[in-house]
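Visitor: Okay, sequence plus prediction incoming.
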Amino acid sequence: MKDGEGHISIYIELMDTSSLPTGWTVTALVNLFVFDQIRDKYYTVPAQYSFTTDYSLVRFSAVKLEWGITSFVELEVFNDSSNGYLVGDDCVFGADVFLIKQPINKVNVLWMKLYPKGNGKVAGNNISAYLCLDNLTLPSDTNIFVKFSIGVRNVVKSTIIKSTSTGKHHFDYLSPSVGRLHIYPNGNKMKDGEGHISIYIELMDTSSLPIGWTVTALVNLFVFDQIRGKYFTVPDYSAVRFSAVNLEWGITRFVELKVFNDSSNGYLVGDECVFGAEVFIIKQPINKVNVLSLSGEGANHLTRTHIWKIRSFSSLSLDFYESVKFTCGDFKWWIKLYPKGNGEGKGNSISAFLHLDECNLPSDTKVFVKFSIGVQNVVRSDIINSRAEHHFEDLSLGRGFRKLISLNKFEDLKNEILVDDVCIIQADVSIVGIVTTK
């Protein structure tokens, strides 16, 4: 229906909106992804016109409850197990969603900052001026939306020499001064912008921000259509992450020069034009991530070998069996065995999985484990096993092997594996690290 043939299509739907008021809208940053189980990485489609974040800005409403990507990943790529998306008939899709809450605005004290000899890239050849917010009078979690212009008055002619860029800005405690617009009227040729207007916004006056700061913002760059009274933008807001090494963001091919210079389009009228920017600072709660790497002699309790002796193995009739729980680190674990296989191993293999007891798992905690599960060959004193690595968490408590050993191979080695009809399953578990987010 949406031309997604030959691809995986993925969508997120907003649920349970009954408590929202009539005419509600919800604005969110959304990132859809599929997990690469081999490389332990996430594949996502970058948001259009945003090279600093993978999030897309989405506005949900009563008539638009769903959003997604129709051509998310090609089926051929997805089905190729070497890419890690589909491994052992398992795949992991997911979504990150950040809701954007816009607080009620309140008027506060504003002031101007002037550099008679210029500032930044124009130091020495221009006068620079900025509108600033006195953040001592700004309540926490408050934004002020301001449209403004700054100019120099010609007293004799009773006119004002104003910047051709009109500012529109959301001031808050992270952005008390305005970013500066950089406009290339003939295109930024260093970035292949020839034949276009290039426009960028630069974050200014970051001296009050802490070391290692980052500021995430929704940015909308525009040029004003003076005939129709509308703004042209491409395509709307982009999510941008600024930092000390990334103070500038923009669009190299913002609008074609021939379109801009055609006065009928309203962008250049009487040799005047109006460029501007809207900036919404996104305040996210501070997440503290503690990564504990565990190794050496002091971590012996983080490695455990568990032996499970299954008697009367030839008489087993249930689909699966579970071992007693054993301890490795501060967690309880057990083995789940399918004598006749599970999933793609059903009817042709023995399947086995390692499980973490969620009762012992603190919230917002992941346990990174290297493990193996095997069947002992008692006669030859060796093990037929498989190895894996996995982040165990509340949404992924089990991991293992659907084809631990084929039933044909097991039958061929039956006299060496089953002694007195006892099958010995061995699990070796090593906790490599624990990640806790608070």
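Guide: Received it, and whenever you're ready, just let me know what you need.
Visitor: C-alpha only now, for contacts and for neighbours.
Guide: Fine.
Visitor: By neighbour count, which bits of stretch 87-99 are buried? Give me those.
Guide: For stretch 87-99, burial by neighbour count (16 or more other Cα atoms under 10 Å) applies to residue 87.
Visitor: Over to stretch 257-276?
Guide: Neighbour-count burial for stretch 257-276 [16+ other Cα under 10 Å]: 257, 260, 263, 266, 267, 268, 269, 273, 274, 275, 276.
Visitor: Mark which of those residues are part of strands, please.
Guide: 275, 276 (DSSP state E).
Visitor: for the buried residues of stretch 257-276, which one is nearest residue 18?
Guide: Nearest to residue 18 among the buried residues of stretch 257-276 is residue 276, at 38.0 Å by Cα to Cα.
Visitor: returning to what we had before: and of the buried residues of stretch 257-276, the nearest to residue 93?
Guide: The closest of these, once distances to residue 93 are taken by Cα to Cα, is residue 276, at 38.4 Å.
Visitor: Test for you: state the pLDDT assigned to the closest one.
Guide: The model reports residue 276 with a pLDDT of 77.
Visitor: Could you check how far it is from residue 201?
Guide: From residue 276 across to residue 201, the span is 9 Å (Cα to Cα, to the nearest Å).
Visitor: tell me, what's touching these two both at once?
Guide: Shared contacts of residue 276 and residue 201 (Cα atoms under 8 Å, 6 or more residues apart in numbering): residue 181.
Visitor: circling back to that earlier point, make a markdown table out of the buried residues of stretch 257-276 and add distance to residue 39.
Guide: Conversion of these to a markdown table gives the following (distance: Cα to Cα, whole Å):
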| residue | distance to residue 39 |
| --- | --- |
| 257 | 45 |
| 260 | 47 |
| 263 | 53 |
| 266 | 51 |
| 267 | 49 |
| 268 | 51 |
| 269 | 55 |
| 273 | 50 |
| 274 | 48 |
| 275 | 44 |
| 276 | 42 |
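Visitor: Could you double-check that residue 307 sits in contact with residue 429?
Guide: No. Assessed by Cα atoms under 8 Å, residue 307 is found out of contact with residue 429, at 11.4 Å.
Visitor: Compare the two (neighbour count), which wins?
Guide: More crowded of residue 307 and residue 429, by other Cα atoms under 10 Å: residue 429, with 23 against 16.
Visitor: what's the closest non-adjacent residue to the more buried one?
Guide: Leaving aside its chain neighbours, residue 429 sits nearest to residue 371 (4.5 Å; criterion: Cα to Cα, 6 or more residues apart in numbering).
Visitor: Mind pulling up the pLDDT for the one you found?
Guide: Here, the pLDDT recorded for residue 371 equals 94.
Visitor: and if you look at residue 361?
Guide: So, for residue 361, pLDDT stands at 85.
Visitor: which other residues reach stretch 352-359?
Guide: Against stretch 352-359 from outside (Cα under 8 Å, 6+ apart): 331-338, 373, 392, 394, 397-402, 404.
Visitor: any low-confidence regions in the chain?
Guide: 1-2, 45-55, 100-115, 120-122, 130-179, 205, 235-237, 282-301, 436-438 (pLDDT under 70).
Visitor: care to break it down by domain?
Guide: 7-99, 110-282, 291-437 (automatic domain parsing).
Visitor: What are the boundaries of the strands in the stretch 201-350 of the chain?
Guide: Listed in chain order, the strands of the stretch 201-350 of the chain (DSSP state E, counting those that start in this stretch) span 214-225, 230-233, 238-243, 248-256, 275-282, 289-293, 303-310, 321-322, 326-328, 331-338, 349-356.
Visitor: From the contact counts, what lies against the first one?
Guide: Right, the one you point to is strand 214-225. Packed against strand 214-225 by the contact rule (3 or more Cα pairs under 8 Å, 6 or more residues apart in numbering; DSSP states H and E) you find strand 230-233, strand 238-243, strand 275-282.
Visitor: can you put the ones you listed in a markdown table and add distance to residue 75?
Guide: Below are the helices and strands packed on strand 214-225 laid out as a markdown table (distance: least, Cα to Cα, whole Å):
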| stretch | distance to residue 75 |
| --- | --- |
| strand 230-233 | 34 |
| strand 238-243 | 29 |
| strand 275-282 | 35 |
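Visitor: Compare those strands and give me the one nearest residue 95.
Guide: So among the helices and strands packed on strand 214-225, strand 238-243 is nearest, using Cα to Cα, at 16.5 Å.
Visitor: relative to strand 275-282, how tilted is the closest one?
Guide: Relative orientation of strand 238-243 and strand 275-282, computed by axes from the mean of the first three to the mean of the last three Cα atoms, to 10 degrees: 70 degrees.
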